[in-house]
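**Q** Got a sequence here, can you build the structure:
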Amino acid sequence: MAAIVQRRWREAGKPNDGAGRGSSARESEPASAVVTSSFFFIPTVVFTGVGFFPPWSGKAGRRNYDRIWPRRSRQHDAADLLVQALLTPTDEHDEGDECLLGHARAVLQASVFRHGTAAAIPYFAVAVVLNHARRTLWFGSAAVGFFARPQPLDDWRLLLARPDVFLEEMVRMVGKRSFIMSLLQKTAWDLVAGGLAATFLLSGHIPRSRLRRTLSCRAKDVAATVFLVWLASCIEYAVAQASTTLALGTALGLMAASPSTSGLLVRELKSGMAVQSLGFLSFLGILGSLGIQLLFVWRQMVVFPWTGLVPMIAQSARRPLDQPGVLLSLLVAVLAMDTLLRYRSRLYILIEMSGFFLFLGYGTLSAMVIEADRRMTKRGFMACSK
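**A** Numbering: from 1, shown residues only. Take a look at the predicted model:
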């Protein structure tokens, strides 16, 4: 068994070796047999927290990435595209390129799924358990992929009851510089658990000694599991980040529309600007609380909707019947949130058991991914036999 695992990881580390020894039928299937999903075109900025400012965004960021890390020193195309997407998350849909989840699928197909669907089941099973442990032991920590506001249901409950208190909580959270720290920790988590794990998974280095080969295979098993846990954390991060943006916009709209709170909102803004204006004009003032607040508002209310939410909905709305995955997921999320907010007193027990239901949800999602890979592999065999 150990020899089979070692051979699997050695073959997975060879780039562009679809015709090599031990390659599976998925690598030789025609392009027409590959079924894409609207999830693979969700913008990368939805899942990450970097790349919003030059020189690490857009085409300038791609050029700087190529200068720092030349192409000749890269190991595998799938891992390279994933790391590049994490560092410079500006996706070009016009060229038909997939985004972060598409690159992650390529990494999984070149490693975990390379030798069949059955071989990938243990990795997903262990990843679901470890992800539950991550949520239980380190809930809310950005060092393991959580957003600065990790509980959307509590935010919306407070927002509907007291929008002014919700805004005060947001200002207090940003003013303590925890938002900046969460961005840095999330970036480190993405690069280590996502980019570094993918690069190590697909590395072509083969140790000579038998002991080192065995240890390398065990290490790659661990890297594959960590990579799957990172994907689960990205899903939670995307949900929390989108919810925070919508909640913040809703709170500002409610306070501006209400006669009793609109004047309070204007006075708070004016007093805050008056107190911090002198420090903001200085060079070090940009690192103060006002600068961080402006960065938070710029990121959550301008950059994230324009480069994340709007392209995601527009891309999925192009083919709503052929690829309805994202639209259906958004509809289910909105209905679920509305139901939990309306009937939270009746569903109190279910809300308290949310961790258990999330565990079952990730298990179901893993089963769906495995089944989709099995069907794609079967379709590839059928296309190759014709």
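
**Q** Only C-alpha atoms from now on, for both contacts and neighbour counts.
**A** Will do.

**Q** Could you measure from F113 over to A104?
**A** 12 Å (Cα to Cα, to the nearest Å).

**Q** Kindly report the same for I370.
**A** I370 is 14 Å from A104, by Cα to Cα.

**Q** Looking at the two, which one has more neighbours?
**A** Per other Cα atoms under 10 Å, whichever of I370 and A104 has more neighbours is A104, with 23 against 19.

**Q** Which strands and helices lie in contact with whichever helix or strand S233 is part of?
**A** Assessed by DSSP states H and E, S233 sits inside helix 210-257. Secondary-structure packing of helix 210-257 (3 or more Cα pairs under 8 Å, 6 or more residues apart in numbering; DSSP states H and E): helix 2-12, helix 121-137, helix 152-161, helix 163-175, helix 197-201, helix 259-281.

**Q** repeat that with 6 Å
**A** helix 121-137, helix 259-281 (3 or more Cα pairs under 6 Å, 6 or more residues apart in numbering; DSSP states H and E).

**Q** any idea which of those scores lowest on pLDDT?
**A** Among these, helix 259-281 carries the lowest mean pLDDT, at a mean of 47.

**Q** following that helix, which helix or strand shows up next?
**A** Using DSSP H and E, the helix or strand that follows helix 259-281 towards the C-terminus is helix 289-298.

**Q** in the stretch 201-350 of the chain, which segments are predicted with low confidence?
**A** 258-290, 320-322 (pLDDT under 70).

**Q** looking at it, V46 is touching T307, isn't it?
**A** No - look at V46 against T307 with Cα atoms under 6 Å: they stay out of range, at 8.5 Å.

**Q** So for the two, which residue has more residues nearby?
**A** The residue with more neighbours, out of V46 and T307, is V46; 23 against 18, by other Cα under 10 Å.

**Q** what sits against that one?
**A** By Cα atoms under 6 Å, 6 or more residues apart in numbering, V46 lies in contact with A238, G308.

**Q** how much space between it and R299?
**A** V46 is 12 Å from R299, by Cα to Cα.

**Q** Contacts only, for A143.
**A** Residues counted as contacts of A143 (Cα under 6 Å, 6+ apart) are Q185, K186, W189.

**Q** Neighbour-wise, which one of the residues you listed leads?
**A** Result: K186 is most packed of these (other Cα under 10 Å), 26 neighbours.

**Q** Show me which residues of the strand or helix carrying it are buried.
**A** Using DSSP H and E, K186 sits within helix 178-189. Under the neighbour-count criterion of 16 or more other Cα atoms under 10 Å, helix 178-189 has F179, I180, S182, L183, L184, Q185, K186, T187, A188, W189 buried.

**Q** Closest to I121 out of the residues you listed?
**A** Of all these, I121 sits closest to W189, with 24.5 Å by Cα to Cα.

**Q** Next, work out how far apart D77 and A198 are.
**A** Applying Cα to Cα to D77 and A198 gives a distance of 11 Å.

**Q** Those two: which has the busier surroundings?
**A** Each of D77 and A198 has its neighbours counted (other Cα under 10 Å); A198 has more, 27 against 16.

**Q** Identify the residue nearest that one in space, chain neighbours excluded?
**A** Of all residues not flanking A198 in the chain, A79 sits nearest, at 5.4 Å (Cα to Cα, 6 or more residues apart in numbering).

**Q** Sounds good, over and out.
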